[in-house]
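Undergrad: turn this into a model:
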Amino acid sequence: MSSVSRLACVDRLKNQVALVTGASSGIGRGIALALADEGAQIVVNYIGDRQAAEEVAREIQSKGTDALVLEADVSREDHVESMFARTVREFGTVDILVNNAGIQRDAAVHEMTLQEWQQVVDVNLTGAFLCSREAVREFRRRGLVPERSIAVGKIIFISSVHQVIPWSGHCNYAASKGGLMQLMKSLAQEVARDRIRVNAIAPGAVRTDINRESWEDPAALEALLKLIPSNRIGEPRDIGSAAVWLASDESDYVHGATIFVDGGMTLYPGFASGG
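TA: All right, here's what the predicted structure looks like:
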């Protein structure tokens with residue numbers, strides 16, 4: 001981290017515990033590192049690639065805060081319950097949940113298998129439900145700790161611009177993100193009186209491995225940038241910065257909202273000249 005970014009760090013999340021699902025790469029990694037920059041202790045959830053998760057943990061620890069690496073399939077109830085139980089044993093509680101884990105299994109609808117549909121819904125939507133349920137249970141068990149935060153707990157869903165933009169050839173993914181939007185809003189409505197804040201971030205095109213073919217090839221990148229008014233692809237740190245703000249007390253009056261971090265993609269740039 002540069003000297004400039006160190007000066008900007010004000011430990012807005014000091015002594016808080018943040019569990020970030022799918023934190024071993026891409027957007028999840030960017031969020032985990034951004035939260036750590038603000039003093040949070042991080043649970044690095046992953047599935048499959050332990051080496052990558054441990055590398056993220058070492059980078060977090062180099063910032064002077066703690067990290068715990070936990071493998072768990074968020075679509076499995078027993079895995080999620082065990083992950084939260086281990087987190088509470090190690091760190092005492094959870095203050096912030098970032099529901100980031102997500103997958104794509106792309107196919108035209110007439111060729112999509114039930115397995116491809118179910119896998120995406122299970123991870124992207126059911127996984128977010130299972131983790132949110134455990135977080136709410138822990139927030140209510142622990143109660144308010146005013147020296148850490150004026151909220152009892154914070155839940156941040158990582159959705160997508162495709163919660164509102166249809167996406168041909170990706171019906172399972174778009175449906176899961178549309179469902180995530182209503183899960184977030186309904187949960188926000190349900191737990192507001194408990195001082196539990198629930199919001200979402202909807203990224204647009206972000207430079208991660210999942211969409212590498214869209215930005216590594218110059219022709220593909222040129223085509224993609226036509227969809228983004230700000231004329232650049234997003235970086236994981238763009239999402240991380242938004243997550244830090246939503247996790248901090250600075251956003252205490254923001255509840256049930258989706259922040260689109262998309263360079264203007266949801267402005268439908270094709271209509272800029274009248275369509």
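
Undergrad: from here on, contacts and neighbour counts on C-alpha atoms
TA: OK.

Undergrad: wait, is residue 103 part of a helix?
TA: No - Residue 103 is assigned coil when assessed by DSSP: H, G, I helix; E, B strand; the rest coil, not a helix.

Undergrad: contacting residues for it?
TA: By Cα atoms under 8 Å, 6 or more residues apart in numbering, residue 103 lies in contact with 120, 123, 124, 173.

Undergrad: who are the packing partners of the longest helix belonging to the chain?
TA: Longest helix of the chain, by residue count under DSSP state H: helix 171-191. Judged by 3 or more Cα pairs under 8 Å, 6 or more residues apart in numbering; DSSP states H and E, the packing partners of helix 171-191 are helix 114-121, strand 196-203.

Undergrad: so after the lowest-mean-pLDDT helix or strand in the chain, what's the next helix or strand?
TA: None of the helices or strands of the chain scores lower by mean pLDDT, DSSP states H and E than helix 3-8, at a mean of 41. Next helix or strand after helix 3-8 toward the C-terminus (DSSP states H and E): strand 17-20.

Undergrad: what mean pLDDT does that next one have?
TA: Averaging pLDDT along strand 17-20 yields 98.

Undergrad: report all helices and strands that it contacts.
TA: Counting contacts by 3+ Cα pairs under 8 Å, 6+ apart, strand 17-20 is packed against helix 26-37, strand 41-46, strand 96-99.

Undergrad: neighbouring contacts of the longest helix of the chain?
TA: Contacts for helix 171-191 (Cα under 8 Å, 6+ apart): 103-106, 108-109, 116-117, 120-121, 124-125, 128-129, 157, 159-160, 162-167, 196-200, 255-257.

Undergrad: how about the contacts made by residue 145?
TA: Here residue 145 is in contact with residue 152 (criterion: Cα under 8 Å, 6+ apart).

Undergrad: try it again with 10 Å
TA: 95, 151, 152, 153 (Cα atoms under 10 Å, 6 or more residues apart in numbering).

Undergrad: ok, now how distant is the first one from residue 170?
TA: Computed with Cα to Cα, to the nearest Å, the distance linking residue 95 and residue 170 is 33 Å.

Undergrad: just the third one next, same as before
TA: Going from residue 152 to residue 170 by Cα to Cα gives 36 Å.

Undergrad: what about these two, which has more around it?
TA: Per other Cα atoms under 10 Å, whichever of residue 152 and residue 170 has more neighbours is residue 152, with 22 against 18.

Undergrad: correct me if wrong: the more buried one contacts residue 198.
TA: No - between residue 152 and residue 198 there is no contact under Cα atoms under 10 Å: 11.1 Å.

Undergrad: so the nearest residue to residue 126 once chain neighbours are set aside, which of the three states?
TA: Residue nearest to residue 126 in three dimensions, not counting chain neighbours: residue 75, with 6.0 Å by Cα to Cα, 6 or more residues apart in numbering. Look at residue 75: counting by three-state DSSP, its state is coil.

Undergrad: check the one 5 residues further on too.
TA: Secondary structure for residue 80, judged by three-state DSSP, is helix.

Undergrad: spit out the contact partners of it.
TA: Residue 80 makes contact with 71, 72, 73, 74, 86, 127, 130, 131, 132, 133, 134, according to Cα under 10 Å, 6+ apart.

Undergrad: including mean pLDDT, distance to residue 82 and mean neighbour count, could the helices and strands packed on strand 17-20 go into TSV?
TA: Listed next are the helices and strands packed on strand 17-20 as TSV, based on pLDDT from 0 to 100; distance: least, Cα to Cα, whole Å; neighbours: other Cα atoms under 10 Å:
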stretch	mean pLDDT	distance to residue 82	mean neighbour count
helix 26-37	98	20	26
strand 41-46	98	12	26
strand 96-99	98	15	27
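
Undergrad: residue 19: what's it in contact with?
TA: Residue 19 touches 32, 40-45, 67-68, 70, 83-84, 87, 94-100, 131, 135, 155, counting by Cα under 10 Å, 6+ apart.

Undergrad: thinking again about what came up before, from the contacts of residue 103, keep the buried residues only.
TA: Burial by neighbour count, 16 or more other Cα atoms under 10 Å: within the contacts of residue 103 this picks out 120, 123, 124, 173.

Undergrad: okay, and the beta partners of residue 18?
TA: residue 42, residue 96 (DSSP bridges).

Undergrad: correct me if wrong: it contacts residue 97.
TA: Yes - using Cα under 10 Å, residue 18 is in contact with residue 97, at 5.8 Å.
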